[in-house]
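Chemist: Predicted model follows, preceded by the sequence.
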Amino acid sequence: METIQHDIVIIGGGLAGLRAAIAAAETDPTLDIAVVSKVYPMRSHTVSAEGGAGAVIKPNDSLAEHIKDTITGSDWLADQDAVELFVNEAPDEMIRMEHWGCPWSREPDGSVAVRPFGGMTIERTWFAADKTGFHMLHTLFQTSLKYPTLTWYDEWFATRLLVENGRCQGVTAIEMRSGRLRLIAAGAVVLCTGGAGRVFPFTTNAAICTGDGMALASRVGVPLKDMEFVQYHPTGLPGTGILITEAARGEGGILVNKDGYRYLQDYGLGPPDPWPRLRAMELGPRDKLSQAFVKEQQKGRTIPGPHGDVVHLDIRHLGEKEIDERLPFVRELARNYVGIDPVHHPIPVRPVVHYMMGGVHTDVHGATPLPGLFAAGEVACVSINGANRLGSNSLPELLVFGARAGKAAATFALDHPQPDDAALAAQGRDEERRIAGGFLRKEGGTERIATLRNEMTRAMETGCGIYRDDGSLRSTVETLARLRERFARIRLADHSLTFNTELIAALELEFMLDVAEAVTHSALARTESRGSHQRTDYPRRDDARFLTHTLAHRTAGAPRIDYLDVVITRWPPAERVYGR
Ligand SMILES: Cc1cc2nc3c(=O)[nH]c(=O)nc-3n(C[C@H](O)[C@H](O)[C@H](O)COP(=O)(O)OP(=O)(O)OC[C@H]3O[C@@H](n4cnc5c(N)ncnc54)[C@H](O)[C@@H]3O)c2cc1C
């Protein structure tokens, strides 16, 4: 097998990956850097981010307030040193985006505009209409093209991390066009592979968000942190799960039940402010809004629809001009996917899986416990998001920690220039045999990938959704164990090499099973309720036992769970209070 040599290999061409690539290239222009991505970088999930990116810029705001909002939003599970550093560095990163050409929306006086967002008590979310991720990703992509030391491996699918002499020294990847397995050896590897929303049936996430990097890291012994914390966004379109951005509420949209009543006032989220100064209720955090939907459904006050119950998101009072100027994409999505023009009718919405707070365990430099392996972006858990991420904190997180991981990987690669080639080649051949024997040339299997995938996502939704308990989680754990056995008997209909999407889907399903197991076992072990993890059998937060991060370690059987203390510096745990 041909071995390709680079100093650094970055897996992922989304916002975190591109930021890491630029940072590494700027750290030392002699470093030779590979960017591997299973899709063209501009098709990474970041492109679909809509609402905006939070960072302190206005005189009425302060770093202390952004820190406080983030820690409160996390239900005190975020590491406070990491949050502080994130909030301090985010404004510079955002201004750098401006210098690189990001077309931020403006105030009439020309300064950068900000909008309110859920759980942020002060307006601090920068935006580019409601296509923020699209513009940010374009900006970084065009900037990255300036660096001749970057080599692009688009439509290459990473299958395994290579570890030799106790450090990560490369990756094997399928070149999808030829179907050939290649080995990329490098002094340092950075995982920027994004989230895993596809482990659930109803999600805002693109089809490529299958948790590959989380599984790759856990297979080489790196623990996954806080995996039980899965974010449901309160406003997805029924049927497709397409996101209606929180910006719709930031701009003044309200949520009403079947009686036209703003039901959030019944769930401790504050009084119903009159338009145009919404502060509470609809601008509460996502975990609480999604939980309120379930409660409202139990009271029979939601609206039945062909794809399950919904509530209504009403933005009609904003008027056509404002909707077209600030929320053009919301109008386009509602028209195209539910046949409703929000200028004249309310939009049907329901909670939808949106974001993984958990991920690969890293420090604030993106370093994992395995030397030479770094991670940043949604795949990683630093953690600044704790038990519930605030809307608009992810995009700046990709910049801050993407840059940090890129720099740290560059420093590491400069100190470790020579990969152990012969030993790596043996691992490459081993991986080639695994893919041929276990997938492409496998005989006698009967199980179909789509069937197993559907059963997995259904089990996750029923047993490990917005509310969970011991019984529901145990039943999902058992289903996943059975699916794991059945996976050993899968059958591929396509044995060809060129763009074998069935093979890719099989490898992704195997990654997703790893992720699903980490999520459910972590959720089963955390016998308290905090943020997005709500146990009906343990309804209270239990700081005495669980002011800790969960670490799930992969084993031959069920994941082994242990814990790590949360870093508390200046903000002692308190009650989460909104809208008062
Ligand atoms: C619809 C939607 C709207 C959102 N809106 C906002 C918002 O307004 N504000 C906000 O802060 N956050 C928002 N988020 C969250 C945020 O956009 C994501 O968390 C973030 O974009 C993830 O970026 P990333 O760089 O970590 O990964 P991604 O952008 O998902 O990129 C992952 C990359 O990894 C590559 N990859 C994955 N697996 C492999 C493999 N096996 N081999 C090779 N390459 C691989 C992919 O090709 C891709 O290039 C939104 C999310 C969604 C889904």
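Modeler: Cool, the structure landed.

Chemist: buried stuff in the strand or helix carrying residue 454?
Modeler: Residue 454 is located in helix 449-463, with elements delineated by DSSP states H and E. Within helix 449-463, the residues that count as buried by 16 or more other Cβ atoms under 10 Å are 449, 452-453, 456-457, 459-461, 463. For the C-beta atoms, the positions are set from N, CA and C on the backbone; glycine is no exception.

Chemist: any idea how far residue 372 is from the residue in the stretch 101-250 of the chain that the ligand sits nearest to?
Modeler: Taking Cβ to the nearest ligand atom as the measure, the stretch 101-250 of the chain has residue 194 as its residue closest to the ligand, at 2.5 Å. The spacing between residue 194 and residue 372, counted by Cβ to Cβ, to the nearest Å, is 21 Å.

Chemist: so who does whatever residue of the stretch 251-400 of the chain ends up closest to the ligand touch?
Modeler: Residue of the stretch 251-400 of the chain nearest the ligand, by Cβ to the nearest ligand atom: residue 377 (2.4 Å). Neighbour list for residue 377: 12, 14-17, 192-194, 397-398, 401-402 [criterion: Cβ atoms under 8 Å, 6 or more residues apart in numbering].

Chemist: ok, of those residues, which one's closest to residue 559?
Modeler: Distances from the contacts of residue 377 to residue 559 were compared by Cβ to Cβ; the smallest belongs to residue 193, at 19.3 Å.

Chemist: burial of that closest one, as a residue count?
Modeler: Here the count is done by other Cβ atoms under 10 Å, and residue 193 has 36 residues near it.

Chemist: And residue 3, by the same measure?
Modeler: Residue 3 is flanked by 15 other residues according to other Cβ under 10 Å.

Chemist: same deal with residue 437?
Modeler: Number of residues near residue 437 (other Cβ under 10 Å) recorded here: 11.

Chemist: now it: how far from the ligand?
Modeler: 20 Å (Cβ to the nearest ligand atom, to the nearest Å).

Chemist: before we move on, what SS does that residue have?
Modeler: State at residue 437, reduced to three classes by DSSP: H, G, I helix; E, B strand; the rest coil: helix.

Chemist: Might you report the residue contacts of it?
Modeler: With Cβ under 8 Å, 6+ apart, residue 437 has no contacts at all.

Chemist: Longest helix of this protein, counting residues only.
Modeler: Among all segments of the chain classified by DSSP state H, the helix with the greatest residue count is helix 501-525.

Chemist: Who are the packing partners of that one?
Modeler: The contact analysis (3 or more Cβ pairs under 8 Å, 6 or more residues apart in numbering; DSSP states H and E) places helix 501-525 against strand 156-164, helix 212-219, strand 224-225, helix 449-463, helix 470-487, strand 548-553, strand 560-565.

Chemist: In TSV: these, plus distance to the ligand and mean pLDDT.
Modeler: Listed next are the helices and strands packed on helix 501-525 as TSV, based on distance: least, Cβ to the nearest ligand atom, whole Å; pLDDT from 0 to 100:
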stretch	distance to the ligand	mean pLDDT
strand 156-164	4	97
helix 212-219	4	98
strand 224-225	15	98
helix 449-463	16	98
helix 470-487	17	98
strand 548-553	19	98
strand 560-565	22	98
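
Chemist: how many neighbours does residue 152 have?
Modeler: Residues near residue 152, counting by other Cβ under 10 Å, number 16.

Chemist: Contact partners for it?
Modeler: With Cβ under 8 Å, 6+ apart as the criterion, the residues that contact residue 152 are 13, 35, 37, 41.

Chemist: Could you dump these into a markdown table with distance to residue 433 added?
Modeler: Rendered in a markdown table, the data for the contacts of residue 152 read as follows (distance: Cβ to Cβ, whole Å):
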| residue | distance to residue 433 |
| --- | --- |
| 13 | 29 |
| 35 | 28 |
| 37 | 25 |
| 41 | 31 |
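
Chemist: restrict these to those near the ligand?
Modeler: Taking Cβ under 6 Å from any ligand atom, the overlap between those and the neighbourhood of the ligand is 13, 37, 41.

Chemist: Kindly report the residues of the stretch 101-250 of the chain close to the ligand.
Modeler: By the rule Cβ under 6 Å from any ligand atom, the part of the stretch 101-250 of the chain lying against the ligand is 132-133, 157-158, 192-195, 204-205, 208-209, 212, 243, 245.

Chemist: Go ahead and confirm the residue of the stretch 101-250 of the chain closest to the ligand touches residue 15.
Modeler: No: under the criterion of Cβ atoms under 8 Å, residue 194 is not in contact with residue 15, lying 9.4 Å apart.

Chemist: Tell me which of those two has more neighbours.
Modeler: The neighbour count for residue 194 versus residue 15, taken as other Cβ under 10 Å, is higher for residue 15 (34 against 30).

Chemist: close enough to count as contact, that one and residue 137?
Modeler: Yes: in terms of Cβ under 8 Å, residue 15 counts as a neighbour of residue 137; the distance is 5.7 Å.

Chemist: Name the residues contacting each of these two.
Modeler: Common contact partners of residue 15 and residue 137 (Cβ under 8 Å, 6+ apart): 44, 46.

Chemist: Start from the N-terminal end of the stretch 251-400 of the chain and give the strands.
Modeler: With DSSP state E, counting those that start in this stretch applied, the stretch 251-400 of the chain shows strands at 254-256, 311-314, 347-356, 359-361, 373-375, 380-381, listed in chain order.

Chemist: just the angle between the longest one and helix 449-463, please?
Modeler: Using axes from the mean of the first three to the mean of the last three Cα atoms, to 10 degrees, the inter-axis angle of strand 347-356 relative to helix 449-463 is 100 degrees.

Chemist: which helices and strands does strand 347-356 pack with?
Modeler: Taking 3+ Cβ pairs under 8 Å, 6+ apart as the contact cut, strand 347-356 packs with strand 230-236, helix 286-298, strand 311-314, helix 328-338.

Chemist: for these, which one ends up most surrounded?
Modeler: Scoring the helices and strands packed on strand 347-356 by mean neighbour count under mean count of other Cβ atoms under 10 Å gives strand 230-236 as the most buried, with a mean of 26.

Chemist: pLDDT on the following helix or strand past that one, on average?
Modeler: On the C-terminal side of strand 230-236, the nearest following helix or strand under DSSP H and E is helix 247-250. Taken as a whole, helix 247-250 has a mean pLDDT of 92.

Chemist: Just name the shakiest helix or strand of this structure by mean pLDDT.
Modeler: helix 247-250 (a mean of 92; mean pLDDT, DSSP states H and E).

Chemist: Quick one: distance of that one to the chain centre.
Modeler: Its chain's average C-alpha position is 20 Å from that of helix 247-250, according to Cα atoms, centre = their mean, to the nearest Å.

Chemist: Only the C-alpha atoms, please, for that helix, written as CSV.
Modeler: Provided in CSV are the C-alpha atoms of helix 247-250 (Å, rounded to 0.1, in the frame of the first residue of the first chain):
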residue,chain,number,x,y,z
ALA,A,247,-32.8,33.7,15.3
ALA,A,248,-36.5,33.6,14.4
ARG,A,249,-37.2,33.9,18.1
GLY,A,250,-34.2,36.3,18.6
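
Chemist: Give the other helices and strands that that helix contacts.
Modeler: Counting by 3+ Cβ pairs under 8 Å, 6+ apart, helix 247-250 packs on no helix or strand.

Chemist: Could you list the residues in contact with it?
Modeler: Outside helix 247-250, the residues within contact range by Cβ under 8 Å, 6+ apart are 50-52, 115-118, 125, 127, 130, 235, 255, 278, 282-283, 313, 315, 326-327, 330, 347.

Chemist: cool, and stretch 81-88?
Modeler: For stretch 81-88, the external contacting residues (Cβ under 8 Å, 6+ apart) are 55-56, 63, 66-67, 70-71, 74, 364, 382-384, 393, 396-397, 400-401, 567, 569.

Chemist: Among the residues you listed, which are located in helices?
Modeler: Counted as lying in helices by DSSP H, out of the contacts of stretch 81-88, are 63, 66-67, 70-71, 396-397, 400-401.

Chemist: got TSV for those, with pLDDT too?
Modeler: Formatted as TSV, the ones in helices among the contacts of stretch 81-88 follow (pLDDT from 0 to 100):
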residue	pLDDT
63	98
66	98
67	98
70	98
71	98
396	98
397	98
400	98
401	98
